[in-house]
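> Sequence and predicted structure, then a few things I'm wondering about:
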Amino acid sequence: LAGWGGWVYDGGMIIGKTIEAVRSAVAEARVAGRSIHFVPTMGALHEGHLSLVRAARGPGRFVVVSIFVNPTQFGPNEDLAQYPRPIEADLEKCRAEDVDLVYLPPVEAIYPEGFCTTVHVAGVTEHLCGAHRPGHFDGVTTVVAKLLNIVQPDVAYFGQKDAQQAAAIGRMVADLNMPVSIAVCPTVREPDGLALSSRNAYLGEAERKQARSLYAALRAGEDAIAHGERDAAGVTAVMRRHIEQAGPCRIDYVEVAEPATMRPVVRIAGPVVLAVAVRIGDARLIDNLPVDVPADGG
Ligand code: PAF
């Protein structure tokens, strides 16, 4: 991948390593009349990421993917060091999906000496993962704000799988009047329901089977609501049972939350998101299911 001036052409796809290279390629695409569609990732690309790329693609569009394992969104005892980084395979997947530009910034370009600004979105980030991963969402919103400023896309794409992340980014973009639309795309699942995640690679064979219980629990919660349960504690009890019966694990949370604020609800009287985070072996897995309940609670 040796290049000059911060970028290389690689089989028709541009690989940009500097902010200047990305900005000039994006400016050129705009002059050519193309709109800019951006998929930020941490690499280890799977079908979930590729579904975002496919949503981003279209006539007259210039598709940018960033691959950056963002250190500031990992806690001190989390998996930053072991996070998978199969860069050649990722570039191959981007090439196969006709991505126009892959942005591969080095850590020093994103966090240069003296960097001291944090974007903190209050409220939305308080509960669920926010309560279990202190500082995580500050790391996410800070890096996403930077990436959006660097790429300046018309539309940026995120997965429903990280519902709280998507809600925090939506809030940030609205609060800071950032000129970008946020598209949230459906979760991609294995045939048995397990949501695709780069962290599924940490699961052993038995743990992988056990991990099916997350989606089974979400569906059981949805079923309980469909049968008239409106007490959130009743729904979470059903979900917890599914997860606990599947095998040894540590449950971080099982919640029924309000979709815009991600605050847990007590009584279900409108649309909700059922959300779970469970540690199985070395993997911390999250999943969620939006459930559309009529606003009158009926
Ligand atoms: O969802 C992810 O992969 C990351 O949190 C993101 C949005 C790329 C920021 O590092």
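Cool, the structure landed.

> drop to CA atoms for contacts and neighbour counts, all remaining ones
Noted.

> For stretch 139-157, buried residues please.
For stretch 139-157, the neighbour count (16 or more other C-alpha atoms under 10 Å) marks 139-145, 147-148, 150-153, 155-157 as buried.

> where in the chain is pLDDT low?
Along the chain, the parts satisfying pLDDT under 70 run over 1-5, 296-298.

> contacting residues for residue 282?
Applying C-alpha atoms under 8 Å, 6 or more residues apart in numbering to residue 282 gives the contacts 202, 203.

> List, one by one, the residues from the protein near the ligand.
Residues of the chain found near the ligand (C-alpha under 6 Å from any ligand atom) are 40, 41, 42, 70, 140, 144.

> residue boundaries of the helices in the protein?
19-31, 47-56, 87-96, 107-110, 129-132, 136-151, 163-175, 205-210, 212-226, 232-246 (DSSP state H).

> how about the third one as PDB, C-alpha atoms only?
Yep, that's helix 87-96 we're talking about. Presented in PDB, the C-alpha positions along helix 87-96 are these (Å, rounded to 0.1, in the frame of the first residue of the first chain):
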ATOM      1  CA  ILE A  87      -7.000  -4.800   6.800                       C
ATOM      2  CA  GLU A  88      -6.200  -6.600   3.500                       C
ATOM      3  CA  ALA A  89      -9.400  -8.600   3.700                       C
ATOM      4  CA  ASP A  90     -11.300  -5.400   4.500                       C
ATOM      5  CA  LEU A  91      -9.900  -3.600   1.500                       C
ATOM      6  CA  GLU A  92     -10.800  -6.500  -0.700                       C
ATOM      7  CA  LYS A  93     -14.400  -6.400   0.500                       C
ATOM      8  CA  CYS A  94     -14.600  -2.600  -0.100                       C
ATOM      9  CA  ARG A  95     -13.200  -3.200  -3.600                       C
ATOM     10  CA  ALA A  96     -15.800  -5.900  -4.300                       C
END
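
> Any chance you could list what contacts that helix?
11, 13, 43, 44, 45, 65, 102.

> any chance of the residues you listed in TSV, plus neighbour count?
Output for the contacts of helix 87-96, formatted as TSV (neighbours: other C-alpha atoms under 10 Å):
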residue	neighbour count
11	9
13	18
43	22
44	20
45	21
65	28
102	25
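
> So of those residues, which two are at opposite extremes in space?
By the measure C-alpha to C-alpha, 11 and 44 form the most distant pair in the contacts of helix 87-96, at 20.4 Å.

> Could you check how far the closest residue to the ligand within the chain is from residue 249?
Using C-alpha to the nearest ligand atom, the closest approach of the chain to the ligand is made by residue 41 at 3.7 Å. As judged by C-alpha to C-alpha, to the nearest Å, residue 41 and residue 249 stand 28 Å apart.

> Same check on residue 13?
Taking C-alpha to C-alpha, one finds residue 13 at 43 Å from residue 249.

> Over to residue 150?
Distance from residue 150 to residue 249, by C-alpha to C-alpha: 40 Å.

> same deal with residue 224?
Relative to residue 249, and taking C-alpha to C-alpha, residue 224 is found at 23 Å.

> Same check on residue 91?
35 Å.

> Could you do residue 96 as well?
Taking C-alpha to C-alpha as the measure, residue 96 falls 38 Å from residue 249.

> out of these two, which sits in the busier spot?
Legend: neighbour count by other C-alpha atoms under 10 Å for residue 96 and residue 249, higher for residue 249 (18 against 10).
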